[in-house]
Structures are given as C-alpha cells and as structure tokens.
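Visitor: Here is a sequence with its predicted model. Questions after.
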Amino acid sequence: MNQPDKFSWKARARSFRYAFQGIRTLFLTEHNARIHALATILVIIAGFLFKISPEEWMVVIICIGTVLMAESFNSAIEALADKISPDKDPLIGKAKDLAAGAVLLFVIAAVAAGLIIFIPKIIG
C-alpha cells in the first residue's frame, strides 16, 4: 500500500512560486492578458467611483478572475499545441480555436454583467 506524501511547507511554497511565475508569464507574454489587465483596472476604478455594493463587487471579482483564468488556460493550451505540432494541423487548430472561443464567451458574459451593474449607476 502506498503511503501518502508527507506534508512539506517547502513543497507548498515551491508550488506557489511556480503559480506566481505562471501569472507573471501570462502578463509578460500574452497581449490579450494585458488588455484584460487594463480592463480590470478600469472596472475596479469604476467600482470605487460608482460605489458598487458588496454583492456587485462579488460579481465583478468573479468575472475578473474567471476571464483571467480562461485566458491563462487558453495560453497554456496554445503553448502545448504549438509544442506538439509546430506545423499547421486541423485538429490542433480546432483545439486552439475552441480555447480562444471559450475566453470570448466568458468575456461577453463578463461585459454583460458589467453593463447590468454599471449602466443604472451611469444613467441614474
């Protein structure tokens, strides 16, 4: 019977270092992630200016996190796909298109949520 690995603070710290390196890589190498970061800053500023409610902040934070997460997954899929098949391949292209489409779908949902939150405050 296999024994579970012993808990290690050092291993946990190392895993966080890798995760933060991934976030750093996302913003340094992915143009769309930088666009999302700019949108994030603008939305946060708007949230403070319009004094959105705690419930509205929860929606905004979940949308921001999910868009950035989707962009990160998309970038990871593209990097793996490019490594596996540097030449054009229809299935690799399909996988990359689907991953990019997933990001776009959530961005559309996040924009819709933002409009629902901010339009009444802008016109009211």
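Guide: That came in fine, so what should we check first? Numbering: from 1, shown residues only.
Visitor: Next, the buried residues of the helix or strand of the chain with the lowest mean pLDDT.
Guide: Taking mean pLDDT, DSSP states H and E as the measure, the chain has helix 9-29 as its least confident helix or strand, at a mean of 94. Residues of helix 9-29 classed as buried: residue 26 (neighbour count, 16 or more other CB atoms under 10 Å). The way it works is simple: take the backbone N, C-alpha and C, and place the C-beta from them, glycine included.
Visitor: what do you get for stretch 52-63?
Guide: Across stretch 52-63, burial judged by 16+ other CB under 10 Å covers 52, 56, 59, 60, 63.
Visitor: now do stretch 30-38
Guide: Buried-residue list, stretch 30-38, by 16+ other CB under 10 Å: 30, 32, 33, 36, 37.
Visitor: could you give the angle of the helix or strand harbouring residue 46 to helix 9-29?
Guide: Element membership for residue 46 (DSSP states H and E) is helix 31-49. If you take axes from the mean of the first three to the mean of the last three CA atoms, to 10 degrees, helix 31-49 sits at 100 degrees to helix 9-29.
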